[in-house]
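> When you get a sec, could you give me coordinates for this:
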Amino acid sequence: MGKQKVFRKEQLKFMIFSFISFTVIFTIFGVIIFSQVKSTLFTQTDEELLSFKAKVSDVLPEEDHRPPRFDDNDGPQNPNERKGPNNPNPRIMMLHWNNEGEIINQNEIGTTIYESYFQDYELDKENVNAITNMTINDLYNFRYIVFEDHTEGDEVEYVQLLINTDPEQTILANFGKLIIICSSIFIILSISASYILSKRMMKPIIKSWNKQTEFVENASHELRTPLTIIQNKLELLLTAPQEKIMNKFENIALSLSETRRLSKLTSDLLTLARADSAESQLNKQPVNVDNFIKKVCNPYIDIAESQEKHVWLKLNSKIEIEADEQRLHQLLVILLDNALKYTAEQDSIGVKTYNEDHKVVIEITDTGIGISKQNMKYIFDRFYREDRARSRETGGSGLGLSIAQWIVTQHNGTISVSENQHKGTTFIVKLPKK
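Residues are numbered from 1 along each chain as shown. Take a look at the predicted model:
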């Protein structure tokens, strides 16, 4: 119950973290998109204002301080009759301001418009030559630019260009609503996504937790048995301190046997622990497969003969591979030990090598008791033993094949098991060529 509570708590943390991450990402994305759209919309209006200002400046150059010209036909020109550019922009309105802050071109903009919107409007002299937003009567939106008029001989001190931005503001408002709606939908969907992701993130953690718990429990069980035996035998020796060693030979021999078994088990556990932490690194070097296997198998041929078993070799892979010689030796020892343990008198053990699809194949076959089909998929699991009682008699701990699989995987190879054609088991190891 406590374990499930911890898992739920961690999953909730992952879910909240994912939800916050999604929300921040969607918010930043929405702000960036909205800012870019806003900038794009008003870029055109700003270019129109600046272009119109340039045309007005061309008609009324700032550096032209000459006195007003007189036309030969029309007589003196009225300096208050200002000319605009040849191709005026219908969206832009131009206001002329005098030094007292009054609009002096009321006739040009229209009396109705002036009285309705600009009669009480005051000129903002703080934002000269800067494009600024304004709203008239809380209804109409404009962007404008104010610049000084340096033409002498007239009343105009400032020129203000206004361009209506109601279409842009409408588009921007609708787009803002769309962004808010879409972001809200995405944020709601992110709750479901966060829940799914948190469950997916917890799966490997739960799997690792369960494997670790199982590993500790099995390791504790495997360690407890030899330790208990050693302790009991040593306690029996202490009850008879005057006895001779020859009288207690069996107890001492059993204690030594369990000590060796305990040492091997500890070594295997250390190997797997390093494998899990990716601490172990292979020292690869060129290895001649056939010569190496022949050297490793020689002692087992003698052992098999002493047990009235037969070991045969059929080596047909006369090439080199890049491999860690020590780990490769450990792999073969594990497979040959298993073959010897689970074969009886008159059984045979065969080691065969050949090349196949740019790989070196090593087959170790025996005619022993074999493995049932339903259990073959479990034999590489740690501490798995098909017959625990028989495995304990032969000294097995269920770690050998797990280590063998790790060694093969580290060499970028594969290992599999199948039934022998007649009886027994065949282990097939495939390693990449050099």
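
> What confidence value was assigned to Thr394?
pLDDT for Thr394: 52.

> for Asn87, same thing?
59.

> Then His310?
At His310, pLDDT is 91.

> Please report the number of neighbouring residues for it.
15 (other C-beta atoms under 10 Å). No exception for glycine: its C-beta is placed from N, CA and C like everyone else's.

> Begin at 33, not 1, for the rest of this chat.
Sure, I'll start counting at 33 from here, so that last one is His342.

> Which phi and psi values does it adopt?
phi -120, psi 130 (degrees, to the nearest 10).

> That one touches Ser380, doesn't it?
Yes: checked against C-beta atoms under 8 Å, the pair His342 and Ser380 is within contact range at 4.4 Å.

> Would you quantify the distance from Asp322 to Lys346?
Per C-beta to C-beta, to the nearest Å, Asp322 is found 10 Å from Lys346.

> How about Ile335?
19 Å.

> Settle it for me: which of Asp322 and Lys346 has more neighbours?
Asp322 (16 against 11).

> which non-adjacent residue is nearest the more buried one?
Leu347 (4.0 Å; C-beta to C-beta, 6 or more residues apart in numbering).

> so that neighbour bridges to which residues?
Thr385 (DSSP bridges).

> In contact with it, which residues?
Contacts for Leu347 (C-beta atoms under 8 Å, 6 or more residues apart in numbering) come out as 321-322, 325-326, 383-385.

> make it 10 Å
321-326, 329, 383-386, 394 (C-beta atoms under 10 Å, 6 or more residues apart in numbering).

> cool, Leu314 as well?
354-360, 439, 442-443.

> And the pLDDT for it?
78.

> quick one: which helix or strand includes it?
Of the helices and strands defined by DSSP states H and E, none includes Leu314.

> Next one: it from Leu301, what distance?
20 Å.

> The top helix by length along the chain packs against which elements?
Counting by DSSP state H, the longest helix found in the chain is helix 198-271. Packed against helix 198-271 by the contact rule (3 or more C-beta pairs under 10 Å, 6 or more residues apart in numbering; DSSP states H and E) you find helix 34-91, strand 172-180, helix 281-308.

> in stretch 180-194, what's buried?
Of all the residues in stretch 180-194, those buried under the rule 16 or more other C-beta atoms under 10 Å are 181, 183, 186, 188-194.

> scratch that, stretch 223-234
For stretch 223-234, by 16+ other C-beta under 10 Å, it's 226-227, 229-230, 233-234.

> Kindly report the domain assignment for this structure.
Annotated domains of the chain cover 34-97+123-206, 315-464 [automatic domain parsing].

> Give me the distance between the two termini of the longest one.
Using C-alpha to C-alpha, to the nearest Å, the end-to-end distance of domain 315-464 comes out at 16 Å.

> Packing partners of the helix or strand that contains Ile460?
Using DSSP H and E, the element containing Ile460 is strand 457-464. On a contact count with 3+ C-beta pairs under 10 Å, 6+ apart, strand 457-464 meets strand 352-356, helix 357-373, strand 380-388, strand 391-398, helix 432-442, strand 446-451.

> Helix 432-442 and the second one, what's the angle between them?
Between the direction of helix 357-373 and that of helix 432-442, the angle (axes from the mean of the first three to the mean of the last three C-alpha atoms, to 10 degrees) works out to 150 degrees.

> Of all the residues in helix 357-373, which ones are buried?
Buried residues in helix 357-373 (16+ other C-beta under 10 Å): 359-364, 366-373.

> try the fifth one
Judged by neighbour count (16+ other C-beta under 10 Å), helix 432-442 contains these buried residues: 432-440, 442.

> For these, give me a markdown table that also has distance to Pro258 and pLDDT.
Listed next are those as a markdown table, based on distance: C-beta to C-beta, whole Å; pLDDT from 0 to 100:
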| residue | distance to Pro258 | pLDDT |
| --- | --- | --- |
| Gly432 | 16 | 83 |
| Leu433 | 20 | 88 |
| Ser434 | 19 | 87 |
| Ile435 | 19 | 86 |
| Ala436 | 22 | 90 |
| Gln437 | 25 | 91 |
| Trp438 | 24 | 88 |
| Ile439 | 25 | 89 |
| Val440 | 28 | 92 |
| Gln442 | 29 | 89 |
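
> From the residues you listed, pick the one nearest Gly142.
Checking the buried residues of helix 432-442 against Gly142 by C-beta to C-beta gives Gln442 as the nearest, at 87.7 Å.

> wait, isn't that closest one in contact with Asn315?
No: using C-beta atoms under 10 Å, Gln442 is not in contact with Asn315; the gap is 11.2 Å.

> Show me the common contact partners of these two, please.
Going by C-beta under 10 Å, 6+ apart, residues that sit against Gln442 and also against Asn315 are 355-356, 359.

> For Asn165, state which of those residues is nearest.
Nearest to Asn165 among those, with distances taken as C-beta to C-beta, is Asp356, at 72.7 Å.

> okay, and the common contacts of His342 and Ser380?
Here His342 and Ser380 have 336, 399 as joint contacts, going by C-beta under 10 Å, 6+ apart.

> show me where pLDDT drops low in the chain?
33-34, 90-120, 185, 250, 253, 308-312, 417-429 (pLDDT under 70).
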